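Trainee: Predicted structure and sequence below. I'll ask about it afterward.
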Amino acid sequence: MSAKQTKKKPAATTVKHTAKKPAGTAVKEERQVAARLIPIYIMGKRYEVPEGLTIMKAMEYAGYILIRGCGCRGGTCGACGTFYRKPGDYKLQVALACQKTVEPNMYIAQIPFFPANRAMYDFAGLTAAPEEVFKLYPEMFRCVACNSCTKACPQGIEVMDAVSALKQGNIAGAAQLSFDCIQCGLCTSRCFGELAQYHMFQLARRIYAARIVPRAEHLAGMVKAVNEGKYDRSLDELKQAKEDELKKLYQEREVEPMAAGEDWKPKDTRYL
Amino acid sequence: MSLAYYPGCTLKTQARNLEEPAVASMEALGLKLDELPGWNCCGAVYSLADDDLIHQVAPVRNLIRVKKQGKTKLVTLCAFCLNSLKRANLLMKEDAEKRDTLNSFIDEGIDYSGEVEVVHLLEVLRDEVGWETLSQKVKFPLRELKVAPYYGCTLLRPREIAIDNVEDPTILREFLEALGASPVDFPESTRCCGSYQVISSPDSIAEYTRPILSSALSHGAEALVVTCPLCDYNLARGQKELAKKQGGFREMPLFYFTQLLALALGLGPQICHFELNHGKPESLLKEKNLLSQVESLQLIGGKE
Amino acid sequence: MSYLGYPDFFEPYIKKVEQSRPARVEKRKKGEEFVFMSLQERQDMLKYHPDYKEEGRREIRVGPSKGYRIAHEFVDLLEARSRVDPDKVDLSKVDYETDVLVIGGGGAATIAALIAEENGAQVLIATKLRHGDANTMMAEGGIQAATKGEKDSPYYHYLDVLGGGHFKNDPDIVAAFVKQAPDALQWLESLGVMFSKFPDGRLGAMHGGGTCRKRMHYCADLSGMEIMRTVRDEARNRPNMKVLEFSPAVELILNEHGQCAGAVLYNMETEEYSVARAKAVILATGGAGRLHVQGFMTTNHYGATADGIVLGYRAGVPLSFLHTVQYHPTGVVFPEQIEGWLITERFRSEGADVLNVHGEKFVNEREPRDVESARFIKECLDGKGVPTPSGKVGVWLDSPMLDILHGEGRVRTAFVGKWKVYDRLGIDISKAPMLVYPTLHYQNGGLKDNAECETVVPGLYVAGEVTGGLHGENRLMGNSLMDIVVFGRIAGRNAAIFAREKAKEGELTLKHVKAYLKELKEAGIVTDRVAPMLLPDYTTPEVKEKQLTVSYLGTLR
């Protein structure tokens, strides 16, 4: 570090020319006016944070820089799986730190990573036979249907039922039940049978989509047409066209109505 | 009219030839088998360890789901599932301490103390359909099919959950008679086929199954009817090995009771999935003129 | 007290929405739409767009795009020091050796890595957070491709892309894009991506803003997540692929022949620097939402800090189209817990109206995003925005209409992701409208490349959001997910070929970084800013006051 660095201003806030500060750093100022402070316990240690913040923002307010346990901040990546308890209640609760608002006296612990067994496989060589999934994940049959996985799921997925479907050879069922899975791994962390549910579900979904659901024939037809050069000439025309001409073509192009059904056809078919 | 129905894992994977003829037959008899939504594995083998409560969670949860859906009876086809579910049910009725622990752990929202009745399909046929009615509905009586009824263990033992008299069961004989077949009584019909012991000692299959098979054969059986996929597997394997060891040992076709039911009700061989059977049942049936829809024979050896 | 899950404060405003709803639903059913703006009206409306605020930008004084007027937040990063003193890095000690180094862990990076591996390369992915932590994971709406030949073709896709981009897009890049899009979609299908389909396998498709045909395909409302999960899973099956997580690149390394030959990596957890040598490099570092341009909230993931732009620019890659940044018109403005989050344009595609404080429509919901955002901003500036208790403003997005138009349960099933998020906060969006305002969403431009993903630096390829040229001055919904697939594949293939055929052995160097730092000095730029930023800084001033023995390097301790 150079000796010149007396001011510890981080790069994000050295924006001299705009009126607003970046949204994140304005958190404390807004809250001072509006919200009251409540206590929460981060891995057993007490901090006072403004009511109304998510667990993630509360941890940042308390001074944590999140390296692990923070991803999309939008509830879809599974980085911020968190367990918590409330005093006097033995029930273990689960949440995503970026989604869950803090409550007074929450005892929280993040699980940014949990070791999970994942089978390697050659997808191109897989069929839809359930036996192939059984072979890759034989531990699936250690499931004792205790339902701890379902209780640990922040997405509200019926995890046990999805495992059950897999065991029954119902790959489609497992795929559909597990679609919302963000692969946070909390189910795996609680599983008696030591299953890595989310990896199994991922496999089921891929098999379902590629081997059970019919392929889109219209898509194959279009790929063929493109490869045969059907659209080369019209695209070349567009590439050469000047801006004015493009604007004209754009404005005059027919727009498929919002309410149109699958059988709608345009009047102009020259470029199809 | 419909009955809450529990298939079990094996019927959905290996033993489709036990399930599909059953579902079709019951529909034809006016008693639809309504698969229980949200069922999961029954735990397969009832745990005898006194403290192994976690093993009871699986079957009990299924029973709770039946109760939640407002049903009071659950039918199953798989002998192992019957055994596991019925014994877990008994536990919940009789052992207050374990019942409390399990209810407190399971978290399905309601408590359970054995309100659901678990029955086997044979009991339903006997008690709700009745052998008279059944025989009236038979379109193709299985005339002159000399078939030996084999019970195996789990439908009859332990005594508390048996579906028939343990020493001298008759339910399968009555069933076969209603279908117009000729049941062959033989003394080894309740001897254990070896069950899952054969997984750790595969070489013992032949010896476990020899007494059963040779007794049935010596009493004039042309085929065996079974109720359990594991018995089916063990007997089939056993036959093959005995045939190898002893030249002249005759292999018999093995039928699921539900396949004979479907055949007799005139639902045709397609639904029976004979291609999944061990021991080529079609040739025997053809010989006895029991396969009237000849065109369906295209299925032999291939999958539908 | 609350009304439909919102605080009482909103009750009168929501009631206005409910009052006007029946008539508006009828109009939708009849196919009556609010009139679209003409091209001139669009142009005029854009004056209200943040990009056009002159106080928000300045000219950059160094580098290949010197003189370019772009947002302060970008210039601040480009006119900044290196994280590590180039002289301190021992380039003779190579820690990682590979054929193709992929910098980034999102969709473009992973897809490029897969294709490079399929073309015979050993691949190393170095990513800042976890593999999959990227904007791809959060993309919701869909992925555009002309697939229904009886009513659509790449020709129309091209026109739409141009129209959205104000006709300034790079023609070669767009042509390659629309032509290869169907094949890219088929590739995803073969990998097992669960697209929403009709029972016979036909792909579901809908309109996006600015499209003339319904060609946006989707996987419920989790399209990006489904694609990201699938390609990441496939990457995990490849034995010739290694992934280094929590290891961002902080400088590109060149060799004496001027080729890109690797990168300096930084271990976020142990704070060590290491040298990765490669025969070709792919930069796919995504976007820049966490720069919070003009103080806007953002939809982007935690690591979207324009790292790749800094790295590429220092190595000599010019910028293109970085003067425009895309604000997604519908970011959540209330409740605060989900402030900034993306409400997919698909709500509007399916027929949900946008309304002002009086419960009235004021714009067609399917204008291109920049025009739409500008229009919302204008409506609020005109005093017709819906107020919130914290002083922010927004407009209503009337989601309950979708249950009426498409059948009960539509919102809950087709938009399951968003429904759940709101449900957790006590609001049922099939009964209550959503409150939205533009949010910083996408980097329309970036590093300049061509249709082969090549940059001016041999051996350096770029793909995905970090590039500029495809979307012109404004991206259409559904084209970013297709961007990463088409150009991820092109970059992967070309990088593998370069590694095999054109890469030359040579001495590694960071001379370009030293030259850049010298240029800064000569331009009179003295700063303690450090780039790449790596992570945004959300530590409060109060905490910093008490951190007596900590020193910050940029935003990190």
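Mentor: Now that the structure is in, tell me what you want to look at.
Trainee: So for the residue positioned nearest the centre of chain C, what pLDDT did the model give?
Mentor: The centroid of chain C falls nearest to C:Tyr442 when counting by CA atoms, centre = their mean (4.0 Å). Reading off the confidence values, C:Tyr442 has pLDDT 94.
Trainee: In contact with it, which residues are there?
Mentor: Counting by CB atoms under 8 Å, 6 or more residues apart in numbering or on different chains, C:Tyr442 touches C:135, C:287, C:289, C:325-326, C:328, C:465, C:475, C:480. C-beta coordinates here come from the backbone N, C-alpha and C atoms, glycine included.
Trainee: for A:Phe123, same thing?
Mentor: The contact partners of A:Phe123, taken as CB under 8 Å, 6+ apart, are A:206, A:210, C:191-192, C:234, C:237.
Trainee: please redo it, this time with the cut-off set to 7 Å
Mentor: Residues counted as contacts of A:Phe123 (CB atoms under 7 Å, 6 or more residues apart in numbering or on different chains) are A:206, C:192, C:234, C:237.
Trainee: downstream neighbour of the least confident helix or strand in chain C by mean pLDDT in the secondary structure list?
Mentor: Lowest by mean pLDDT, DSSP states H and E among the helices and strands of chain C is helix C:416-424, with a mean of 85. For helix C:416-424, the following helix or strand on the C-terminal side (DSSP states H and E) is strand C:434-442.
Trainee: What is the distance between that next one and the centre of its chain?
Mentor: Offset of strand C:434-442 from its chain centre (CA atoms, centre = their mean, to the nearest Å): 14 Å.
Trainee: Could you check the angle that strand makes with helix C:416-424?
Mentor: Strand C:434-442 and helix C:416-424 meet at an angle of 130 degrees, taking axes from the mean of the first three to the mean of the last three CA atoms, to 10 degrees as the criterion.
Trainee: next helix or strand past strand C:434-442?
Mentor: That would be, after strand C:434-442 and using DSSP H and E, strand C:446-448.
Trainee: on contacts alone, who are the packing partners of that next one?
Mentor: helix C:307-314, strand C:319-320, strand C:467-468 (3 or more CB pairs under 7 Å, 6 or more residues apart in numbering or on different chains; DSSP states H and E).
Trainee: partners of that strand in the sheet?
Mentor: Here strand C:446-448 is paired, per DSSP bridges, with strand C:319-320 (antiparallel), strand C:467-468 (parallel).
Trainee: which of the residues in it are buried?
Mentor: Buried residues in strand C:446-448, defined by neighbour count with 16 or more other CB atoms under 10 Å in any protein chain shown: C:446-448.
Trainee: can you check stretch A:214-227 too?
Mentor: By neighbour count on 16+ other CB under 10 Å, the buried set for stretch A:214-227 is A:215-216, A:218-219, A:222-223, A:225-226.
Trainee: Stretch C:495-509 too?
Mentor: Neighbour counts over stretch C:495-509 (16+ other CB under 10 Å) mark C:495-499, C:503, C:508-509 as buried.
Trainee: For B:Pro202, grab phi and psi.
Mentor: phi -60, psi -30 (degrees, to the nearest 10).
Trainee: Show me which residues of the stretch 101-250 of chain B sit near chain A.
Mentor: B:Asp107 (CB under 7 Å from any CB of the partner chain).
Trainee: how about low-confidence regions in the stretch 101-250 of chain B?
Mentor: The stretch 101-250 of chain B contains no residues with pLDDT under 70.
Trainee: Just the strands from it, written as ranges.
Mentor: Using DSSP state E, counting those that start in this stretch, the strands assigned to the stretch 101-250 of chain B run over residues B:117-120, B:146-149, B:182-183, B:223-226.
Trainee: Tell me the strands beside the second one, with direction?
Mentor: Sheet pairing for strand B:146-149, assigned by DSSP bridges, gives strand B:182-183 (parallel), strand B:223-226 (parallel).
Trainee: Show me how far that strand is from its chain's centre.
Mentor: Centroid separation for strand B:146-149 versus its chain: 15 Å, with CA atoms, centre = their mean.
Trainee: who touches it?
Mentor: B:172-173, B:176, B:181-184, B:186, B:189, B:216, B:219-225, B:255.
Trainee: Name only those of these that count as buried.
Mentor: Among the contacts of strand B:146-149, those classed as buried by neighbour count (16+ other CB under 10 Å) are B:172-173, B:176, B:181, B:183-184, B:186, B:189, B:216, B:221-225, B:255.
Trainee: Out of those, which is nearest to chain C?
Mentor: The closest of the buried ones among the contacts of strand B:146-149 to chain C turns out to be B:Phe255 (CB to the nearest CB; 36.4 Å).
Trainee: Surely the closest one is in a helix?
Mentor: No. Assessed with DSSP: H, G, I helix; E, B strand; the rest coil, B:Phe255 is strand; it does not lie in a helix.
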